[in-house]
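I would like to see how this sequence folds:
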Amino acid sequence: MSWRDIPTGKGNASRSANEALPLEKKHLSGSASFCNKSNLMCAAEPFDKLPDGDEVTLYRIAGGKRITVEILSFGGIIHRLLAPDKAGNIADVVLGQDSIAIYQHQSLGACAGAVIGRVANRISKACFEIGDNIYKLDANFGGDVIHGSTGIYATKNFTGKPYSNEDSAGVVLSLTDTGEGGFPGKVDVTVTYSLDNYGNFRIHYTALLEMDTPINLTNHVYFNLVGHGTGEVGGHVMQLNADFITPNDARGMTTGEIRNVKGTDFDYTLPKLLQTGFDSEDPLFTQFGGFDMNFCIRGRGMRRGGSIMDPISGRVMEFFTDQPGVQVYTMPNLADNVYGKGGVHYVKLGAVCLETQMYPDCVNISHFPNPFVRAGTKYETDTIYRFSVI
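Residues are numbered from 1 along each chain as shown. The predicted structure follows:
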């Protein structure tokens, strides 16, 4: 593998929150009137305990447009997200579990709703190079790595600090990654979840690095805009500002190709049903039974990546990000006996993830966006999910 120079200064998806703010206000505030600022709040309460007795805290964030989010300190899990439909009825639109024991049981997968790091998505052959050093990771996906190896952040209990001000309310979660799984050096990670007055749910990631290392953080939340546990999401309409994908091989590892979607069932540049993908005979769909694909988002910097919409409820969720890709995943391999919050039955193709991130295996493919960041550099990246109705 040819080595790429590690960028000096910030990582290539990095910039400060202050730099992003004018763009967010320009593109995300819309024309809706402000909510009463006293409605912005974040409250903490006990949720459960881990087997070692460590307490898991739930942070309830209330924002504008009647949006409420519940975050767990364990894994930084997005446990609940309440949003109104066009008739004003509130529903929980993310999948989850009722207890930490069930989350740990991993019936929805180890990543459900959680922060993913140190490196999201795949790493081929469980290794990568930095200069003359070869780093061997703990394989957890056959002979490869997925979503951070054995040090996956989804299984860690973060420290949380709630806050509120006139513009937003949320919680700052902190974690020290000591290099578990084989990654180099220590990384101090913060993930800030917040809601504002406009229906914007923001996830702001930062990391301070002790050694040169790859880093690629995201969240693996499952959305169903009808409401969690209401069946398949084939009736959702998706639109992506993405003209290319990075195809996978039979083991789910990216091939390194960047393929144009024009004329294929992966062309979601105009809105169409997720069911179109579910029914496709394209081998890239049939080998997984649904979506498990990285789409290359047009442009750079903070920009709109796309949206999903449920025509029945009228709920719309747009996403904005500074990342180059979004992994679209629709739970094609979910077991038949999975039950979630409130005992509701979860089914295959019953939710969609929109995981904003670097491309899969970018640590080993030189023409993909560069995930390597220098020691002492502050890594930062933002994703915003904006909720509205039509």
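
hang on, residue 104 in a strand?
No. Applying DSSP: H, G, I helix; E, B strand; the rest coil, one finds residue 104 to be helix, outside a strand.

State the distance from the nearest residue to it once chain neighbours are set aside to residue 120.
Nearest residue to residue 104 in three dimensions, chain neighbours excluded: residue 155, at 7.6 Å (CB to CB, 6 or more residues apart in numbering). Every residue, glycine included, has its C-beta placed from N, CA and C. From residue 155 over to residue 120 the distance is 14 Å, taken as CB to CB, to the nearest Å.

neighbour count winner among those two?
residue 120 (30 against 18; other CB atoms under 10 Å).

I'd like to know how far the more buried one sits from residue 286.
Taken as CB to CB, the span from residue 120 to residue 286 is 25 Å.

Could you pull up phi and psi at residue 371?
phi -90, psi 0 (degrees, to the nearest 10).

before we move on, back to that, I'd say the residue nearest to residue 104 and residue 112 touch.
No. Between residue 155 and residue 112 there is no contact under CB atoms under 8 Å: 11.5 Å.

Double-check residue 204 against residue 191; I have them as touching.
Yes. With contacts counted by CB under 8 Å, residue 204 reaches residue 191, the gap being 7.4 Å.

check contacts around the most centrally placed residue in the chain.
Closest residue to the average C-alpha location of the chain: residue 219 at 2.6 Å, with CA atoms, centre = their mean. Counting by CB atoms under 8 Å, 6 or more residues apart in numbering, residue 219 touches 76, 78, 113, 114, 115, 116, 203, 355, 383.

how does it look with 6 Å?
115, 203 (CB atoms under 6 Å, 6 or more residues apart in numbering).

if we can go back for a sec, what about residue 204 and residue 191, which has more around it?
Looking at residue 204 and residue 191 with other CB under 10 Å, you find the greater number of neighbours at residue 191, namely 23 against 18.

burial of the residue lying closest to that one once chain neighbours are set aside, as a residue count?
Leaving aside its chain neighbours, residue 191 sits nearest to residue 173 (4.7 Å; criterion: CB to CB, 6+ apart). Per other CB under 10 Å, the neighbour tally for residue 173 reads 25.

contacting residues around residue 173?
76, 158, 160, 191.

and which of those residues is nearest residue 305?
Proximity of these to residue 305, judged by CB to CB, is greatest for residue 191, which lies at 19.1 Å.

Who are the packing partners of the host helix or strand of the closest one?
In the assignment (DSSP states H and E), residue 191 maps to strand 187-196. Packing partners of strand 187-196 (3 or more CB pairs under 6 Å, 6 or more residues apart in numbering; DSSP states H and E): strand 168-177, strand 200-209.

which parts of the last one are buried?
Buried positions in strand 200-209, judged by neighbour count with 16 or more other CB atoms under 10 Å: 200, 201, 202, 203, 204, 205, 206, 207, 208, 209.

what angle sits between that strand and strand 187-196?
170 degrees (axes from the mean of the first three to the mean of the last three CA atoms, to 10 degrees).

so how far is strand 200-209 from its chain's centroid?
Its chain's C-alpha centre and that of strand 200-209 lie 11 Å apart, by CA atoms, centre = their mean, to the nearest Å.

Which helix or strand lies directly C-terminal to that strand?
Later in the chain than strand 200-209, the nearest helix or strand by DSSP H and E is strand 213-214.

What mean pLDDT does the helix or strand following that next one get?
Next helix or strand after strand 213-214 toward the C-terminus (DSSP H and E): strand 218-219. Taken as a whole, strand 218-219 carries a mean pLDDT of 98.

in its sheet, what does strand 218-219 sit against?
Applying DSSP bridges, strand 218-219 is found paired with strand 115-116 (antiparallel).

got a list of contacts for the partner strand?
76, 147, 153, 191, 218, 219, 220.

Kindly report the same for stretch 296-312.
20, 23, 225-226, 236-242, 244, 316-322, 325-326.

Quick check: pLDDT value at the residue lying farthest from the centre of the chain.
Of all residues in the chain, residue 132 has its C-alpha farthest from the mean position, at 32.1 Å, by CA atoms, centre = their mean. Looking at residue 132, its pLDDT reads 96.

how close does it sit to residue 366?
Residue 132 is 17 Å from residue 366, by CB to CB.
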